[in-house]
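# Fold the following for me, if possible:
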Amino acid sequence: MTDQHQNTSTVLHLCKPCGIGLQSRQTLHAHLQTRRHVARISGRFGVGFCVACAVNVTGGTEGWTEHIGGGNHTRRVVNQGVQHPLEPEQARDLNGEIYCTACQVMIPGDKWSKHEQKEQHMLYKAYLKYQAALIEATEGRHGITIQGDFDFGFLDPVVVRSNPSSFPTLSATIHALDAEPKSRLVRIQLKSMVDQTGGVWLPNVTRFSVAVTEPNWVMTPLSSTGPLSLTITFKAKDIGRYVDTIEFIFETGALLKRWVITREVTAIIGAAQDHEAVKPTAPFVPSARAVKKRVLEVVEGVKPPSLNAIPYVKGLPKATIPPKLALLLSNGEFTSRLVDEIRLLLPSALAPGGRDLAQYDISRAALQREGRFYFLNVPGLAERRPSVLIGDQMLVQDTREPGGRWYEGHVHIVRRDAVGLCFHDSFGRTYSVDKRYDVQFKLNLIPQRRQHQALGSHLEQIRILFPQARLILPPTENLATLNLQYLNPFIESNYPQVQAVTSIVTAAAGSPPFIVFGPPGTGKTVTIVEGIRQLLNKEPSTKILAYAPSNSAADLIALRLAKSNENLSGLDNNNLFRFYAPSRSNEQVPQELGDFLYISSEGHFSVPSMEKMLGFRVVVTTCVSASVAHGIGMPQGHFSHMERT
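Modelled structure (predicted):
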């Protein structure tokens with residue numbers, strides 16, 4: 001999107017889509033946030049002339065597409081026998097308006113003089129001059145031409161690295177058949193070697209070098225030397241694409257006027273077939289945030305059956321944003337009121353999430369009907385940008401709908417790059433495959449509502465959220481005499497892990513949370529699993545709720561608890577239960593855990609009977625799903641321990 005051009009005094013920061021050059025990175029960054037720039041990169045800016053209709057069409061590619069799809073244009077094309085589809089021509093002066101080629105906008109004739117004085121117009125004109133200068137610099141001038149190959153092409157990495165002292169070269173020549181008298185080559189420099197601020201030479205920046213084979217070429221007029229031979233050398237060894245610009249600076253005549261001819265030099269270290277396989281299929285266009293339309297009325301959609309797969313007996317609070325948020329205590333005391341303050345502040349955290357999700361809103365989307373489902377292609381879905389789960393909701397409205405009435409669609413099916421939505425029956429009465437729809441993503445509030453539910457429960461929250469030294473209880477056993485038989489032999493030789501497991505096993509009921517911390521790969525999960533095993537062996541009545549931030553981490557805990565070795569047998573499916581949210585796909589579950597989960601008669605992940613749930617010694621979930629125990633009505637205090645990895 002941006003480029004820089006270096007001469008002895010000026011650096012221009014370019015926005016190529018808009019055709020504008022700016023004097024600093026700060027002004028360029030400010031320009032990238034403007035509505036004009038966003039409209040241009042999203043295809044909504046520009047004016048073109050329609051020959052068939054004899055009118056200027058605004059709105060860029062979007063406006064042109066809409067125009068040629070209209071009935072009036074189609075009739076004129078047919079009547080005139082014009083080739084279809086038409087391509088837009090440069091806009092013309094019509095109806096008292098003048099087309100500004102620099103700014104690419106129509107200006108009323110009586111305002112043209114004022115427009116020419118505007119700073120923005122002058123910037124666009126300067127850019128056009130700059131582009132013309134760049135083109136001129138690549139051509140021969142004053143009777144001097146440069147001939148040769150400046151593209152090294154693809155270089156095999158194995159060959160390049162096999163001989164560290166050998167470097168590929170290219171040849172070129174400077175011809176001066178019709179050069180003015182006393183014309184001479186003053187200097188050859190590479191654009192990357194000149195510092196942007198002071199013309200400082202930076203010889204280690206570039207991987208290219210240029211040498212003239214003839215001696216004393218600086219002092220000799222070109223007309224008397226014949227062609228000058230050049231050797232371009234490429235010295236890189238690492239895989240990648242290398243680009244630089246060679247600037248040949250000449251001096252002409254007695255007035256010592258200087259001018260430049262440039263050549264771009266390129267090289268790629270890598271396999272041509274790899275570059276061909278991963279090259280882009282279309283120019284990159286950053287997604288422009290759709291204009292937010294008012295939502296005044298919502299027609300509720302059809303929820304997926306999986307949302308009713310779990311027999312919840314306790315509802316979730318709505319967690320709506322209160323009109324006023326209470327102020328935090330200023331005296332620093334951790335009291336129960338601070339917990340209430342946090343609960344009140346939680347809704348305000350939803351606003352950034354909603355704004356982030358809004359960047360994925362889609363304008364003029366097509367819906368494909370398959371039975372009772374309407375499939376929407378979602379760019380980036382395969383990379384989980386955005387992340388969409390079964391049960392999520394989207395608002396859909398006909399693009400041409402002027403009012404604030406939207407249809408709510410629930411996600412029933414998630415494919416690699418599309419989702420299947422189910423709407424109210426009335427949506428199908430007006431649906432057409434040719435229609436285009438505006439789509440707004442709705443933020444899933446379930447995680448935040450569960451946070452509210454947890455903070456609103458009557459537990460010893462201070463001990464859990466804000467533990468203090470006075471709340472630490474003495475261990476239940478003498479650590480010096482405690483003799484544990486470690487089930488994982490590798491832990492016994494690692495003192496920090498031994499210390500952590502011992503502290504977990506001997507912690508008194510009502511103690512603050514115990515944290516096992518360390519960098520990735522240091523054995524935190526191994527330590528937690530060993531602690532769970534030791535607690536289960538120590539007391540037959542132990543019941544543990546183990547949860548992790550992600551499904552993969554929770555699966556790892558369950559797999560290790562179910563695994564047997566020479567020292568012990570793994571937990572069976574009467575003692576270990578891996579709970580999955582109904583939105584989870586069967587294909588994402590490890591086969592080894594197939595005996596440790598529960599699927600309802602309708603085919604959705606769920607929970608077994610309460611009697612069965614109370615019998616499990618370990619229940620493994622994700623952090624978001626851990627509230628299932630409370631939601632289905634398991635008695636408070638049922639779990640003796642909770643482990644979070």
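# and the gap between the closest residue to Gly109 other than its chain neighbours and Trp112?
In space, Gly109 comes closest to Gly96 once its chain neighbours are excluded; the distance is 4.9 Å by C-beta to C-beta, 6 or more residues apart in numbering. For glycine as for every other residue, the C-beta is placed from the backbone atoms N, C-alpha and C. Computed as C-beta to C-beta, to the nearest Å, the Gly96 to Trp112 distance reads 10 Å.
# what do you get for Ile472?
79 Å.
# secondary structure element for Val419?
Per DSSP states H and E, Val419 falls inside strand 418-422.
# Tell me which helix or strand comes right after that strand.
Tracing the chain past strand 418-422, the next element assigned as helix or strand by DSSP H and E is helix 425-430.
# The strand or helix carrying Val620 pairs with which strands?
According to DSSP H and E, Val620 maps onto strand 618-622. Sheet pairing of strand 618-622 (DSSP bridges) gives strand 544-548 (parallel), strand 576-578 (parallel).
# Could I get the full set of strands for the stretch 151-300 of the chain?
For the stretch 151-300 of the chain, strands defined by DSSP state E, counting those that start in this stretch occupy the ranges 151-155, 169-175, 184-190, 208-212, 228-234, 240-252, 257-269, 297-299.
# The fourth one pairs with which strands?
To tie it back to what came earlier, the one meant is strand 208-212. When DSSP bridges is applied, strand 208-212 pairs with strand 228-234 (antiparallel).
# ditto for the second one
The strands beside strand 169-175 in its sheet (DSSP bridges) come out as strand 145-148 (antiparallel), strand 228-234 (antiparallel).
# Could you pull up the mean pLDDT of that strand?
Strand 169-175 carries an average pLDDT of 89.
# Contacts for that strand, please.
144-152, 185, 222, 227-234, 248, 263, 265 (C-beta atoms under 8 Å, 6 or more residues apart in numbering).
# what about 7 Å?
Outside strand 169-175, the residues that touch it by C-beta atoms under 7 Å, 6 or more residues apart in numbering are 144-150, 152, 185, 227-233.
# do the fifth one as well
With C-beta under 7 Å, 6+ apart as the contact definition, strand 228-234 has outside contacts at 148, 150, 152, 167-174, 185, 207-214, 217, 265, 267.
# Make a ChimeraX selection of the buried ones in these.
Those of the contacts of strand 228-234 that count as buried under 16 or more other C-beta atoms under 10 Å are selected in ChimeraX with:
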select :150,152,170,172,174,185,207,208,209,210,217,265,267
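# before we move on, which element is the closest residue to Lys303 other than its chain neighbours in?
Closest residue to Lys303 apart from its sequence neighbours, by C-beta to C-beta, 6+ apart: His410 at 5.1 Å. Assigned by DSSP H and E, His410 belongs to strand 405-414.
# helices or strands up against that strand?
Contact here means 3 or more C-beta pairs under 7 Å, 6 or more residues apart in numbering; DSSP states H and E; on that basis strand 405-414 packs against strand 297-299, strand 373-377, strand 393-398, strand 418-422.
# on that earlier part again, pull the number of nearby residues for the residue nearest to Gly109.
Neighbourhood size, Gly96 [other C-beta atoms under 10 Å]: 9.
# before we move on, what about Pro305?
When counting by other C-beta under 10 Å, one arrives at 14 neighbours for Pro305.
# was I right about Arg416 contacting Glu383?
No - if you go by C-beta atoms under 7 Å, Arg416 and Glu383 don't touch, sitting 10.4 Å apart.
# related to what we said a few turns ago, which one of the strands paired with strand 618-622 is the most hemmed in?
strand 576-578 (a mean of 24; mean count of other C-beta atoms under 10 Å).
# Only C-alpha atoms, please: export the following helix or strand past it in PDB.
For strand 576-578, the succeeding helix or strand toward the C-terminus, using DSSP H and E, is helix 610-615. C-alpha atoms of helix 610-615 as PDB (Å, rounded to 0.1, in the frame of the first residue of the first chain):
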ATOM      1  CA  MET A 610     -27.700 -36.900  38.100                       C
ATOM      2  CA  GLU A 611     -27.000 -40.200  39.800                       C
ATOM      3  CA  LYS A 612     -24.200 -40.900  37.300                       C
ATOM      4  CA  MET A 613     -22.800 -37.400  37.500                       C
ATOM      5  CA  LEU A 614     -22.500 -37.600  41.300                       C
ATOM      6  CA  GLY A 615     -20.600 -40.900  41.000                       C
END
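# what comes into contact with helix 610-615?
Applying C-beta under 7 Å, 6+ apart, the external contacts of helix 610-615 come out as 574, 607, 634, 638.
# would TSV of these with neighbour count and secondary structure be doable?
Putting the contacts of helix 610-615 into TSV (neighbours: other C-beta atoms under 10 Å; DSSP: H, G, I helix; E, B strand; the rest coil) gives the following:
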residue	neighbour count	secondary structure
Asn574	11	coil
Val607	23	coil
Met634	19	coil
His638	13	coil
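# Got the domain ranges for this structure?
Listed domain ranges for the chain are 4-133, 145-278, 297-447, 460-644 (source: automatic domain parsing).
# looking at those, which is closest to Glu139?
domain 145-278 (7.6 Å; C-beta to C-beta).
# before we move on, what SS does Val529 have?
When classified by DSSP: H, G, I helix; E, B strand; the rest coil, Val529 comes out as helix.
# With adjacent residues omitted, what lies nearest to it?
Sequence neighbours aside, Arg560 is the residue nearest to Val529 in space, at 4.7 Å (criterion: C-beta to C-beta, 6+ apart).
# Burial check on that neighbour, number of neighbours?
So Arg560, with other C-beta under 10 Å, has 18 neighbours.
# cool, and Gln147?
By other C-beta under 10 Å, the burial measure for Gln147, its neighbour count, is 12.
# so who does it touch?
172-173, 175.
# how about 10 Å then?
By C-beta atoms under 10 Å, 6 or more residues apart in numbering, the residues touching Gln147 are 140, 171-175, 227, 230.
# pretty sure the residue nearest to Lys303 is in contact with Leu395, am I right?
No - His410 is not in contact with Leu395 according to C-beta atoms under 10 Å; the separation is 11.1 Å.
# which residues do the two both contact?
Jointly contacting His410 and Leu395 under the rule C-beta under 10 Å, 6+ apart are 301, 442.
# which residues touch stretch 103-115?
By C-beta under 10 Å, 6+ apart, the list of residues contacting stretch 103-115 from outside reads 18-20, 36, 40, 45-48, 56, 58, 60, 90-100, 102, 116, 118, 120-121, 123-125.
# pLDDT value on Val159, please?
On the pLDDT scale, Val159 is placed at 89.
# and which of the contacts of helix 610-615 is nearest Gly391?
Nearest to Gly391 out of the contacts of helix 610-615 is Val607 (C-beta to C-beta; 16.8 Å).
# For Val260, list each beta-bridge partner.
Under DSSP bridges, the beta-bridge partners of Val260 are Ile249.
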